[in-house]
Every structure is written in structure tokens, then in C-alpha cells.
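Q: Generate coordinates for the sequence data below:
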Amino acid sequence: VTDDLLKNDVVDLVFEGLDTYADVFLNEDLILTTDNMFVSHRINCKENLAQGPNTLRIHFYSPVAKGLAKQAKSGHTIPAHNEKAPENKQTSIYTRKAPFHYGWDWGPRLVTSGIWRPVYVEAWNHAAINDVYVATKTIDKWQATMNAWVDVEILNTGNYTLSLLINGEDIGIRKDAGLRKGKHRLEIEFTLEKPRLWWPNGLGEPWLYDFEFHLRRGDTIICEKSIMIGVRTVKLVQKPDTSGHTFYFEVNGIPVFMKGANVIPSETLTPAVTVESYRKLIACAKSANMNMLRVWGGAIYEEDLFYQLCDENGLLVWQDFMFACAMQPGDQPHLESIKREAEYNVKRLRNHACLALWCGNNEIMYGWHKWEWQDGLDNKITQHLWGTYEKIFHNILPAAVRHHDPKNSYWPSTPATINNNLPDRKSGDEHDWTVCFGQKPIDSYWENVPRFVTEWGLQAFPSMQTIRTFANDDELMLDSAVIRHRQRSKLDWLQLGFDGNDLIKWYVEQYHDAPEQFEHFVYLSQVLQAEAYKTAIEAHRSAMPHCMGSLFWQLNDCWPTISWSTIDYFSRWKAAHYAVKKAFRPVIVTVKRINSSVRVYVVSDKISAFDAMLQVKLMDFSGKTIFESVKEVEVSPNTATLLLEKDLSLLLPKDKAGEKVFDIRLLIGDKQIADNMLFFVKPKDLQLARPDLQYRLRQTDKEYLVSLVSDTLVRNLCIETPDPDARFSDNFFDLLPNQQANVVIKSSLPGLQKKDLVFKYLNP
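A: Predicted coordinates for the structure are as follows:
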């Protein structure tokens, strides 16, 4: 510490994140005791510092040992659904730290301790701007009415001026105030003329303004603070309709179908996440046409960079508070810690344009009523636990949002329906696990579509390149110890000894002939997951405006594993991510089969109607046309429109169903803007022929172009290169006979040759 530092009026020691129980000593003086991973601490330490060397010592305590002591003191066990071990000693609920550190059905149990966010010294004089909150009140084409609340701390009583510069320009927005020593909140109301609005991905530019607040005394700037602000309004709309109640997000006055995924931390050891991994994650979401990510409640309140990247890329955020699949203790210190956590994180994140919703918890209300948590508990304990639930999720958390971020909505628990009841698909949001845990067929996604689907998914293996990072050649089999170890989803409630690998195998065998080779099984698991994600998204979007959101589980992994993710730990795309990218395009055509009839829909996110040409064709796998129809259509804006219904019974004898494909194209002039295909039998019943696949490879500037053509239909064509991180413009696609497909490959591998390409497909 220098003498100049000590000359400042205030010297603060800031801890942005300590995980979790710790005593902090500065020059052996105890200055802080912590018990919550999710809050920061600012300590005025000037009196504890000496010029020259100073010693900062942080003593961490075992979260498990602390939890066991609290559990023993409580006298009863509190249900903690996803903490599988140690049995009857689940301690995660007693500690405010990342729940997934205690294990989940996609990640290992690694209960960490340590410094997980920066520690630094911050010094200031005279006054400080401690916090800023900016809200857009109203917007139209001509102006936006705005409010800013600025929290200042004053050391010297006097007259001060708060001014706002926008994109570096002083446009005369200021407030004069005589302020006494102490803390104050100053409010500025102002209007932006002809504002540039912030829009989600696909609807417009996510424009951000640079708001710079200056606090002056006389002509001298005492302190300043800059934040990036998106001018937008986001509203959760729930109003009665013929089905129940709507559940949709209205952005800048426009209802928007939410297309996206749930995210988990990108690292099990949380601080190991890098700037590059965040950039890759958000880039993968944006390139797959997503406009919303859900930060799930068993994880962490993400780093500032995550929300900054969402702001910049137009990705809205459904933000859970960090509670998942477990009840909570009700002692006063625990509740006070939760209150501090809520207030800190709401204030930290509230200015981000991406923030769309605060959600109280993940599946706790549902679990309490549906997962037998109350079994074995006496009436007094159940009343206490439910009373604690209501205190946290109906009082503490909504109060934090109401007081500190009133521009955004609060939703107590997901999934739920109106008035905090269990989900019913008529109102509220749903976690649809009928496919996967319910072992329903993939086509059941079309049945009884919910209003907003916050979770759904199906597992698949990552690529063989990723599997080989944790398994040797002699371990490449479904029952090897390491492959079982990397599968964290234990499903004894379906069948004793059953796990996620067995469920993948069960689903694969419903649709495909049992594969003999492990590598082929891995490929089929990805093909099946892709088909499930394609089907679900098309079913959800075709049900607009009844359904207005589809967030699949899950986007990413926290270690190399077998899970529901569409991009693996190394940011490598599974087949499903290519399917998601297509299914989330701004305009898609979908086809629903009902017995011998087909219904063709067009779904458009565009806010204006447009004219197009619908072309449908029933053909065999050699390309012979059996039926064709071309018609002019008007595509309605921001909804799903039924364009065609056709009975194919006379054209499709049952004994020929495995030889035909229904091809749909939507065109504007000569430009194809959407396409899709429908097969009439399961993949294992298709009468596929061995293809004569011709291809050529050309290198362009930092890219490779592969052109392919086949004499027969090729199903689920996968291209592989020696570069495990190569990115393809398309992959795992169906190639129609005698029609050329072009695929762009981006690879850091120099000199890729034609012989380096490997092709996989369902054909013999």
C-alpha cells in the first residue's frame, strides 16, 4: 500500500465472490465473515491498512461440514431431489452456493471452496456513484420516456449537479441538488427523441446507448459512472382467452415467440470459465436463430460478460433465482442471507437490456406436490417447509424485484400455471418430459401443446472425438465403467439399474435397427435427438399463438459428458444443434401427419405479411414425382398459418409408405426461403438404397466448399473431417436424389483434402 493510496478519503476492499463460508483477515484483524457465494462484499478498510506490505488471509470452511452441522441442529431432513449422495446427508439446501456443485443428472459432485470472483482495492474521494437504475417507461416511433435513479454517497455537504451524457454528448439532461453528508437517491426524468430501439435477435438491431452519469460540484467532476442501456420494453402478458390464459413476452409492443434453450455453467469448476468460452456459447445460440436463453436455477447468477454478450447479440434472458429441486430451511439467518442475495443480484443485473423475467425457482413447487417429498414428514414439518417456501418465493424474492427492478416481471416457480397452481398446459409454462422420462414417442410433441415450454429434451452422446477425450479404445462400449460414469442421469424410478444410457438405447431401438458398433450407436443417438428437437420446435411453433415459447434442455455442458446438450463441452455441435438452427429460422414450413392426411403450416416471425409460392411434392427415393402441387399463398405475420391439407391415402398405399417422401418448399420468386420433408414410417422401416454419392471439395478464403449429389435419397448425411472443431453450414441433413447440396466447412486445419472427408448416413 502506497502513501498516496492512504491519502484517499475512502479505501474499500471489494470481494465480488467468495465460495462460500469464510473468515477474512486483514493484517490479522477479522474484517468479514461470509456464508453466501452469490453476494459481494465491500469493506472500508482504510483504518486496517498500513503503508507498505499488508497481509490478506482468507480462511475457508468446508460447505459439507457446515451443512452437516446445520442439518443436525435442524432435527429433520429437508428434501433435496438432485443431490443423490451421500444418502440422508444431503447438505446443499443449507448453503447458499451453486446447487449443481453437489451433483446433478448431467454433472459431477464437486463441492468447491475458494475465491471465485475478483478481489480488489478501490479508493475514492468526496463522493461516489454507488448504483444506477435506468428504465424505459414508454416508447413509440418518435420518442422514449425514460427514468434514471442514481444512488450517491456524499462525504461533504454542498450543492451538486448530476448530469447525463448519451453516447458522449451532453444534451442538457441534469439535476441540481443540495446534498448533506450521507447516502441519497437522485431521479432524472428525460425523453429520447427518435430512439433507436433494442430488438431481440431476428427482429432488428440490439442497439445499445452509452449512458454516462457525472456528479459535479461547481465545474469539477467528482465522480462518474457509465453503463450500456438498451431502450426497450419487455412485458409478460397473461390474459384470459378461450384456452385459459396467455403466456407470452411482448417486446416493444410486439408479441414475440421465444426460441431458445436453457444454459448451465460452462465449467464444473466455476471460475475456470474463459472469455472465449462465453463468446463461443453466445455465438452458438445466436447462429441457431435463438432469441432467449434461460439461466437455470441450479447454477449461478452468471458473469457480467454473459449478460453483456446477450445484450450485444439480442438474446433475452429468463433469469431464475438460484433455487432448484429442493425446499429451503426457514431459520432467520438463512432467510436474511437470501434477501441480501436477491437484492444484490437484482441490482447487479437489472440494467441489462437482455433481462426479460425473474423466476423464483426451478421445479420446487412442482416437486413438493408431485414428487413425494412430503412422505415421512409429520404435519408440523410440512407446514414449516411450505411456510418457508411462501416466505421466500411469494415475499422475499418478489419484493426484491418490485423494489429494485419494477420494469421486469416476476414468476414464482417454473413450471406453473396461473395463481401458483400446477401446470395444466392451458395457462403458464410447462416442463414437457413426456418424451424422454415419460418414454412417449417423438410425435407426441404435437399433442396438447403447452402455452410456453420452458424445458424439454432428449439425450444424445457427444461426438467420438469428444468421447475419446475421456475413454480409451477398449472402453468404447455402452457398459464400460467410464461410459457409465459420464452418464449422470440415474433412472431407478423407471427400472432398477436403469440410467440415461439405457434410455438413449431404448429410444434408438424404437426407431432404428439395433447397431452393432458403438460408433454407429453414437451417430444414431445424435440423429434421434435431432429428430426429437426438430419435431418439438415445429410442433410448438405451429401452435402459435396458443404456444409462444420453446426453450429446450439444454444448450451446453460443464464437462465432457453424455447429456441433453446440443453443443458439447468443447463447443462442438451435435446433430441436434443443426436441426435447431433450421427449426428456429424466422420463416419455416412444417408438416403434421394425421393418419393418411398431411397439414402444411407456415410459421413466420416477421411483423408484416408477404406473398409466397408453396410447392409440395410426393416422390419416391429415386426422385420420381407421384403428386405435385404449386399454389400462391399469403403468409400472415407473427403467427402460424395452415396452408394446405391433403389426404394422401390414394397416393400412398401402406405397403409403399417406406419408399416415399413428402417434400415442401416455400419460395419468393426464384428464392427458396423455407423447406421441410416428411417420412411416413420410422427410419428402420425406410426402404433406402445404397447411394452413389459424388462430391467435390474446393478451398476458398479460409473456408472449404463441399458439393454433393446422389442418385438416391440419402438420410441424415453427416460429414466428418480430421478437425474435431470444424464448423459446417449444415450437417446431418437429408440429400434429395439428383439435387446438389453445398456445405461450407470452416476449419483451422490447413490443406484439407477430399480423401480426408468421411461420410455417415442411414442408407446401407
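
Q: which residues does Asp151 contact?
A: Ile129, Asn130, Asp131, Val132, Lys183, His184, Arg185 (C-beta atoms under 8 Å, 6 or more residues apart in numbering). Heads up, the C-betas are built off the backbone N, CA and C, glycines and all.

Q: would it count as being in a helix?
A: No: under DSSP: H, G, I helix; E, B strand; the rest coil, Asp151 sits outside any helix and is assigned strand.

Q: for the contacts of Asp151, which one is nearest Ala283?
A: Ala283 has its nearest neighbour among the contacts of Asp151 in Val132, at 29.1 Å by C-beta to C-beta.

Q: distance of Gly260 from Gly202?
A: Distance, Gly260 to Gly202, by C-beta to C-beta, to the nearest Å: 11 Å.

Q: So between these two, which is more surrounded?
A: Neighbour totals were compared for Gly260 and Gly202, and Gly260 leads with 26 against 18 (other C-beta atoms under 10 Å).

Q: Adjacent strands (with direction) for the helix or strand where the more buried one lies?
A: Gly260 belongs to strand 258-263 when elements are defined using DSSP states H and E. As defined by DSSP bridges, the strand partners of strand 258-263 come to strand 292-295 (parallel), strand 549-552 (parallel).

Q: Just the mean pLDDT for the first one, thanks.
A: Averaged across strand 292-295, pLDDT comes to 98.

Q: picking up where we left off before, joint contacts of Gly260 and Gly202?
A: In contact with both Gly260 and Gly202: Asn291, using C-beta under 8 Å, 6+ apart.

Q: Go through the chain and flag its longest helix.
A: Determined from DSSP state H, the single longest helix within the chain is helix 518-542.

Q: Most neighbours of all the contacts of Asp151, which one?
A: Within the contacts of Asp151, neighbour counts (other C-beta under 10 Å) peak at Val132, which reaches 21 neighbours.

Q: Can you tell me how far it is from Asp405?
A: The gap separating Val132 from Asp405 is 13 Å, by C-beta to C-beta.

Q: hey, where'd the helices end up in the chain?
A: Using DSSP H, helices in the chain cover 3-6, 63-74, 275-287, 304-313, 332-349, 364-370, 379-391, 397-404, 464-467, 481-485, 500-511, 518-542, 575-583.

Q: Put the alpha carbons of the third one into PDB.
A: Think helix 275-287. C-alpha atoms of helix 275-287 as PDB (Å, rounded to 0.1, in the frame of the first residue of the first chain):
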ATOM      1  CA  VAL A 275     -14.000 -15.100 -22.100                       C
ATOM      2  CA  GLU A 276     -13.600 -17.200 -25.200                       C
ATOM      3  CA  SER A 277     -15.900 -19.900 -23.900                       C
ATOM      4  CA  TYR A 278     -18.600 -17.300 -23.200                       C
ATOM      5  CA  ARG A 279     -18.200 -15.800 -26.700                       C
ATOM      6  CA  LYS A 280     -18.500 -19.300 -28.300                       C
ATOM      7  CA  LEU A 281     -21.600 -20.100 -26.200                       C
ATOM      8  CA  ILE A 282     -23.400 -16.900 -27.200                       C
ATOM      9  CA  ALA A 283     -22.300 -17.200 -30.800                       C
ATOM     10  CA  CYS A 284     -23.700 -20.800 -31.000                       C
ATOM     11  CA  ALA A 285     -27.000 -19.600 -29.600                       C
ATOM     12  CA  LYS A 286     -27.300 -16.600 -32.000                       C
ATOM     13  CA  SER A 287     -26.200 -18.600 -35.000                       C
END
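
Q: Counting by contacts, list what it packs against.
A: Here helix 275-287 touches strand 258-263, helix 304-313, going by 3 or more C-beta pairs under 8 Å, 6 or more residues apart in numbering; DSSP states H and E.

Q: what comes into contact with that helix?
A: With contacts defined as C-beta under 8 Å, 6+ apart, helix 275-287 is touched by 201, 260-261, 263, 266-267, 293, 303, 305-306, 309-310, 313-315, 555-556, 567, 571, 573, 577, 581.

Q: coming back round to it: tabulate the contacts of Asp151 (CSV), appending distance to Phe60 and pLDDT.
A: Compiled in CSV, the contacts of Asp151 are given as follows (distance: C-beta to C-beta, whole Å; pLDDT from 0 to 100):
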residue, distance to Phe60, pLDDT
Ile129, 33, 97
Asn130, 28, 96
Asp131, 29, 97
Val132, 33, 98
Lys183, 32, 97
His184, 37, 97
Arg185, 36, 97
